[in-house]
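Visitor: I'll drop the sequence and a predicted model, then ask my questions.
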Amino acid sequence: MKNFLYPGMLVVTVLFSRCGNIPESAGTDSLWDDRTVEVATSTVPCDDEALLTGGMEISGDRVVMYNISQPDLFGCFRLRNDSLVFVAPLQKRGNGPYEALMSQAVFMPECDGLFLIDRQTGRKAFRIDSADPEKWSDVKSWRAFELPNKPNLMSIVPTDCSGGFIAQLLDDRRHMFCTFRSGDSTVAPLSIPYPEVSEGCPDISLGIACRGTLQKRPGSQEYVFSAQNSRYVVVFSLKEGQAADIRLLYDTPPQFTLASDGINPRISGETLSGFYVQATRKYIYLTPRNHRDADTKALERSPAFGTAYETFVFDWEGNPVRKILADKPLQTVAFTDDDRFLYAKTADPQQSDECLVRGRILPTE
């Protein structure tokens, strides 16, 4: 395995009686000193629906927003003349055949499609083939995929346009991920183990503590995973159904103890939170989650919880490219697939209301 371990990323080989290892140093990482790019942001005119979002996915001029407390799970928008225009709602919240209580949206440029994956039950997914968001709400045009009836799958992502998927596997410490096809009743584990912790820690506890987000590199069989509870980021590829080219960008597993039930992990407040991750054809974007006191002390300008000024950018070989430093603390940050712009909500205390902002990212010389 080829690892890329940068300054501030602590390698720990000693096992402790509690679950999890010592967290990484909270100091500033000098790796990015000569790679910092400052980005000025400006307000994006948009409909009110865009501000009721818990995140966004962007493909070309199409934007899908995750709704927080609306009857529909998503709002569909289009970028027009530097404005964001609401087009239509997408997928009702509920238990009906085409509904879900929680869902994940994944653009697949290989088939110019949009996948909706049920995150509550993990048992169904839909592919919408039309490139026109105005037609996305026509459920009769959706192609349905049946997923395995296995409760411990997380962050399910399509591997192709015809029913292949990859997911995090929570209950097997030797296999962090697995693949399957629509209609399968079983999954095929991939030989990527979870980070080492004490042997007495149950597999499911380790899986829950290390749960995170998988992203697929568009047009490729390369993947990146970022844990949400610590700075642990792994990149790998699929070759003939097997994991290959495995490399670590960050190697710190979460530090945690077990609750009284002996199963559920309690994450230490000393551990830095992980990253929100986004993949484009060229880059991997890692934006700090900032959910703990330790995060605020470690990040640029000590932003409010849930926000960050910086995003770390790597290429797919694991090399550091740049650190993007915004002029405002941002949340729900998303990057366009051509790597030219970022979009985000701002939580600047000087703003009376939240707003959507855009920043242009100058190309690296």
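Guide: Great, that's in hand.
Visitor: all strands for the stretch 101-250 of the chain, in order.
Guide: For the stretch 101-250 of the chain, applying DSSP state E, counting those that start in this stretch gives strands covering 103-108, 113-118, 124-128, 143-146, 153-158, 164-169, 177-181, 188-190, 212-216, 222-227, 232-239, 242-251.
Visitor: can you redo those strands as JSON lines with mean neighbour count and mean pLDDT?
Guide: All C-beta spots, glycine's among them, are computed from the backbone N, C-alpha and C. Shown next, in JSON lines, are these (neighbours: other C-beta atoms under 10 Å; pLDDT from 0 to 100):
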{"stretch": "strand 103-108", "mean neighbour count": "20", "mean pLDDT": "94"}
{"stretch": "strand 113-118", "mean neighbour count": "22", "mean pLDDT": "94"}
{"stretch": "strand 124-128", "mean neighbour count": "22", "mean pLDDT": "95"}
{"stretch": "strand 143-146", "mean neighbour count": "15", "mean pLDDT": "95"}
{"stretch": "strand 153-158", "mean neighbour count": "21", "mean pLDDT": "95"}
{"stretch": "strand 164-169", "mean neighbour count": "23", "mean pLDDT": "97"}
{"stretch": "strand 177-181", "mean neighbour count": "21", "mean pLDDT": "98"}
{"stretch": "strand 188-190", "mean neighbour count": "17", "mean pLDDT": "97"}
{"stretch": "strand 212-216", "mean neighbour count": "20", "mean pLDDT": "97"}
{"stretch": "strand 222-227", "mean neighbour count": "24", "mean pLDDT": "98"}
{"stretch": "strand 232-239", "mean neighbour count": "21", "mean pLDDT": "98"}
{"stretch": "strand 242-251", "mean neighbour count": "18", "mean pLDDT": "96"}
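Visitor: Make CSV out of these and add distance to residue 96.
Guide: Listed next are these as CSV, based on distance: least, C-beta to C-beta, whole Å:
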stretch, distance to residue 96
strand 103-108, 13
strand 113-118, 12
strand 124-128, 11
strand 143-146, 13
strand 153-158, 20
strand 164-169, 22
strand 177-181, 24
strand 188-190, 31
strand 212-216, 27
strand 222-227, 31
strand 232-239, 33
strand 242-251, 37
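Visitor: of the ones you listed, which approaches residue 264 most closely?
Guide: Nearest to residue 264 among the strands of the stretch 101-250 of the chain is strand 153-158; the distance by C-beta to C-beta comes to 15.1 Å.
Visitor: Quickly run through the sheet partners of the closest one, with directions.
Guide: Here strand 153-158 has these sheet partners by DSSP bridges: strand 164-169 (antiparallel).
Visitor: Pull the CA coordinates from the partner strand and hand them back as PDB.
Guide: What follows is strand 164-169 as a C-alpha-only set of coordinates in PDB (Å, rounded to 0.1, in the frame of the first residue of the first chain):
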ATOM      1  CA  GLY A 164     -23.600  -1.700 -10.000                       C
ATOM      2  CA  PHE A 165     -22.900  -0.100  -6.600                       C
ATOM      3  CA  ILE A 166     -20.300   0.300  -3.900                       C
ATOM      4  CA  ALA A 167     -20.900   1.000  -0.300                       C
ATOM      5  CA  GLN A 168     -19.200   1.300   3.100                       C
ATOM      6  CA  LEU A 169     -19.600  -2.000   5.100                       C
END
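Visitor: ok, residues contacting it?
Guide: The list of residues contacting strand 164-169 from outside it, by C-beta atoms under 8 Å, 6 or more residues apart in numbering, reads 122, 125, 145, 147, 152-159, 175-182, 187, 189-190, 207, 211-212, 214, 216, 223, 225, 238.
Visitor: Touching, residue 179 and residue 239? I think so.
Guide: No - counting by C-beta atoms under 8 Å, residue 179 sits too far from residue 239 to count as a contact (11.9 Å).
Visitor: Spatially nearest residue to residue 127, not counting backbone neighbours?
Guide: Spatial nearest neighbour of residue 127, excluding adjacent residues (C-beta to C-beta, 6 or more residues apart in numbering): residue 143 at 4.4 Å.
Visitor: Touching, that neighbour and residue 130? I think so.
Guide: No - applying C-beta under 8 Å, one finds residue 143 not in contact with residue 130, separated by 11.3 Å.
Visitor: Flag the shaky bits of the stretch 51-200 of the chain, pLDDT-wise.
Guide: Applying pLDDT under 70 to the stretch 51-200 of the chain picks out residues 52-53, 198-199.
Visitor: ok, residue 189 - contacts?
Guide: Per C-beta under 8 Å, 6+ apart, neighbours of residue 189: 169, 172, 174-175, 177-178.
Visitor: now it: how far from residue 325?
Guide: Distance, residue 189 to residue 325, using C-beta to C-beta, to the nearest Å: 40 Å.
Visitor: With residue 238 instead?
Guide: Between residue 238 and residue 325 the distance is 34 Å, computed by C-beta to C-beta.
Visitor: who's in contact with residue 275?
Guide: Counting by C-beta under 8 Å, 6+ apart, residue 275 makes contact with 226, 231, 233, 250, 286-289, 312.
Visitor: between those residues, which is nearest residue 51?
Guide: Nearest to residue 51 among those, with distances taken as C-beta to C-beta, is residue 287, at 19.1 Å.
Visitor: wait, residue 305 sits on residue 296?
Guide: Yes - in this structure, residue 305 is within contact of residue 296 by C-beta under 8 Å, at 7.0 Å.
Visitor: what sits in contact with each of these two?
Guide: residue 290.
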